[in-house]
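>>> Structure here, sequence nowhere to be found:
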């Protein structure tokens, strides 16, 4: 299956590291993986992918909000309605569960079928999560 690992760093480099390790884990399961930085590759179409992994970090340590550009970019990324997906937020601050909830709302508003979501606190657990995702 074709899998897109889409991330929005939001000024936090650990998000890129987690996305890369998730992609490595998914790729080890035999899937074709593309890593997409939503900040620089905002015009990429996600229509061709069978499964979408989307992640970010909260805006600040004391905030549960995420960037509004994520919603904007998803709207412009082609047909994502009905796509199976996985959401993750990298732990940064006190309100990460609220940030994850915000991300999930954005994805569901676009019609994406959210199978699972996580708050990832350490980059080394990301590869293991990627290996255990039930993508098929």
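Ah, there it is. This structure is a prediction, so every number in the text was calculated from the model and none was measured.
>>> how about the strands of this protein, start to end?
Per DSSP state E, the chain carries strands over the ranges 2-8, 32-37, 51-56, 84-90, 113-120.
>>> What residues of stretch 57-77 count as buried?
57, 58, 59, 64, 66, 67, 70, 71, 73, 74, 77 (16 or more other CB atoms under 10 Å). Just so you know, the C-beta spots here come from the backbone N, C-alpha and C atoms, and that holds for glycine as well.
>>> contacting residues around residue 124?
Counting by CB atoms under 8 Å, 6 or more residues apart in numbering, residue 124 makes contact with residue 21.
>>> what's the distance between it and residue 52?
Separation of residue 124 from residue 52 (CB to CB, to the nearest Å) stands at 23 Å.
>>> just to revisit the earlier point, okay, among the buried residues of stretch 57-77, which ones form the most distant pair?
The two members of the buried residues of stretch 57-77 with the most space between them (CB to CB) are 64 and 77, at 24.1 Å.
>>> Let me have the strands of the chain in TSV, extended by mean pLDDT.
What follows is those, written out as TSV (pLDDT from 0 to 100):
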stretch	mean pLDDT
strand 2-8	96
strand 32-37	96
strand 51-56	96
strand 84-90	95
strand 113-120	93
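>>> what would the ones you listed look like in CSV with mean neighbour count?
Output for those, formatted as CSV (neighbours: other CB atoms under 10 Å):
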stretch, mean neighbour count
strand 2-8, 23
strand 32-37, 18
strand 51-56, 26
strand 84-90, 24
strand 113-120, 16
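>>> Okay then, goodbye and thanks.
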